[in-house]
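Chemist: Predicted model, plus sequence, below.
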Amino acid sequence: MIVAVIGAGTMGLGIAQVSAQFGFETLLFDVNETALAKAKDTVLTSWAKLLEKGKLTAEQVEKATANFSTTSDFALLKADFIIEAIVEKLEVKQKLFQDLEAQNSETAVFASNTSSLSITKIASALTHKSRFIGLHFFNPATLMQLVEVIAGAESGSEALQKAANFAKACNKTTVQCADSPGFIVNRVARPFYTEALLIAEERIADISEIDDLMEATGFKLGPFRLMDLIGNDINFAVTNSLFDAFYYPARFRPSRMQGQKVDAKHLGKKTGRGFYQY
């Protein structure tokens, strides 16, 4: 099976790395040549480190490298399974999948790695809605085991099974869920971020204190360190999406503090500054 991944950001390159590493011929696409070159270097460096640590053999790295390629030519995006990991904007995703549908076979399956947008709404722009599903990996995709397989109102059983089989072949644990705002994880986890931001805004505790307290109770990362890892732009967009989708409940209210971070381009690790300096 040929897999194409669209978007060479943190999530896209991670999904492409996993796909190639587990035996799928994988094409990573981005319109930005600089981002594409950086993503390729990141993937190859990651495999070199895994080889050095003894977690991959030289033969496995050689096969993974042979499976992995990049392109900025949209016309080359012809595959059996295509996964999108681009900006969280409905109209942009819809236009992308319309263009993909026009140049791919009627057996190709399309998947969005969206964190919160409706799979049914994205698919509404397509002719073959049964071949569109949600496939939500978590950051970092190379390490996190869970993958949500999301069924839109018209997603077909064959497409859902193909997506689940792909994720399982990549050594992931899958959960199938309905097309509800935030799906499972982002809906459950949202108060982890919104409550921490509210505590910081009200100066009940400072950012590092909140993170340290949460990590002391067993969380691998506190909420602010995790938001910096995910990207404040992405996290803020998801909170806004859930706030709108559930008709503005207080528990999902976006934070002015985080909104200012996004406006200032203090997005976290990827920009060198977020709630912390990097």
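Modeler: On my side now, so go ahead.
Chemist: Mind listing residues that contact the longest helix seen in the chain?
Modeler: In the chain, taking DSSP state H as the definition, the longest helix is helix 33-52. Helix 33-52 is contacted by residues 8-9, 12-13, 16-17, 20-21, 28-30, 56-58, 61, 64-65, 68, 70-72, 142 when judged by CB atoms under 8 Å, 6 or more residues apart in numbering. In this view, the C-beta of every residue, glycine as well, is placed from N, C-alpha and C.
Chemist: Surely I150 is within a helix?
Modeler: No - per DSSP: H, G, I helix; E, B strand; the rest coil, I150 lies outside any helix segment and is strand.
Chemist: which secondary element of the protein has the worst mean pLDDT?
Modeler: helix 232-245 (a mean of 92; mean pLDDT, DSSP states H and E).
Chemist: so who does T10 touch?
Modeler: T10 touches N139, P140, G231, K270, counting by CB under 8 Å, 6+ apart.
Chemist: From L96, how far out is the third one?
Modeler: Here G231 is placed at a distance of 20 Å from L96 (CB to CB, to the nearest Å).
Chemist: distance of A167 from A64?
Modeler: 17 Å.
Chemist: Now do the helices in this structure.
Modeler: Under DSSP H, the chain gives helices at 10-21, 33-52, 58-67, 90-103, 119-123, 157-169, 185-201, 207-216, 223-230, 232-245, 256-263.
Chemist: hey, which of these is tucked in deepest?
Modeler: Most buried of those, by mean neighbour count (mean count of other CB atoms under 10 Å): helix 10-21, with a mean of 26.
Chemist: Now it - C-alpha only, CSV.
Modeler: Taking C-alpha atoms only, helix 10-21 is exported to CSV below (Å, rounded to 0.1, in the frame of the first residue of the first chain):
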residue,chain,number,x,y,z
THR,A,10,5.5,18.2,13.5
MET,A,11,2.6,15.8,13.1
GLY,A,12,2.9,15.2,9.4
LEU,A,13,6.6,14.3,9.5
GLY,A,14,6.0,12.1,12.6
ILE,A,15,3.2,10.1,10.8
ALA,A,16,5.3,9.8,7.7
GLN,A,17,8.2,8.5,9.7
VAL,A,18,6.1,5.9,11.4
SER,A,19,4.5,4.8,8.1
ALA,A,20,7.9,4.3,6.4
GLN,A,21,9.4,2.7,9.4
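Chemist: So what angle separates the directions of it and helix 157-169?
Modeler: Our comparison of helix 10-21 with helix 157-169, counting by axes from the mean of the first three to the mean of the last three CA atoms, to 10 degrees, yields an angle of 80 degrees.
Chemist: How is this structure divided into domains?
Modeler: Listed by automatic domain parsing, the domain ranges of the chain are 2-178, 190-263.
Chemist: what does the average pLDDT come to for stretch 194-209?
Modeler: Stretch 194-209 shows a mean pLDDT of 97.
Chemist: okay, how far is it across it, tip to tip?
Modeler: In stretch 194-209, first residue to last residue: 16 Å (CA to CA, to the nearest Å).
Chemist: which residues touch it?
Modeler: By CB under 8 Å, 6+ apart, stretch 194-209 touches 210, 213-214, 222-224, 239, 251-258, 275-276.
Chemist: Find out how far that stretch is from the centre of the chain, if you would.
Modeler: Centroid separation between stretch 194-209 and its chain, computed with CA atoms, centre = their mean, to the nearest Å, is 26 Å.
Chemist: and what of stretch 30-48?
Modeler: In terms of CA atoms, centre = their mean, the centre of stretch 30-48 is found 16 Å from the chain centre.
Chemist: wait, what's in contact with the nearest residue to V188 once chain neighbours are set aside?
Modeler: If the residues on either side of it in the chain are set aside, V188 comes closest to G182, at 7.9 Å by CB to CB, 6 or more residues apart in numbering. Counting by CB under 8 Å, 6+ apart, G182 touches S115, S116, V188, R190, V238, S241, L242, A245.
Chemist: For K162, state which of those is nearest.
Modeler: Among these, S115 lies closest to K162 (CB to CB), at 21.5 Å.
Chemist: From what I see, that closest one and R187 are in contact.
Modeler: No - when contacts are counted by CB atoms under 8 Å, S115 is not listed as touching R187 (10.5 Å).
Chemist: quick one on the thing from earlier: got a pLDDT number for the residue nearest to V188?
Modeler: Reported pLDDT at G182 in the predicted model: 90.
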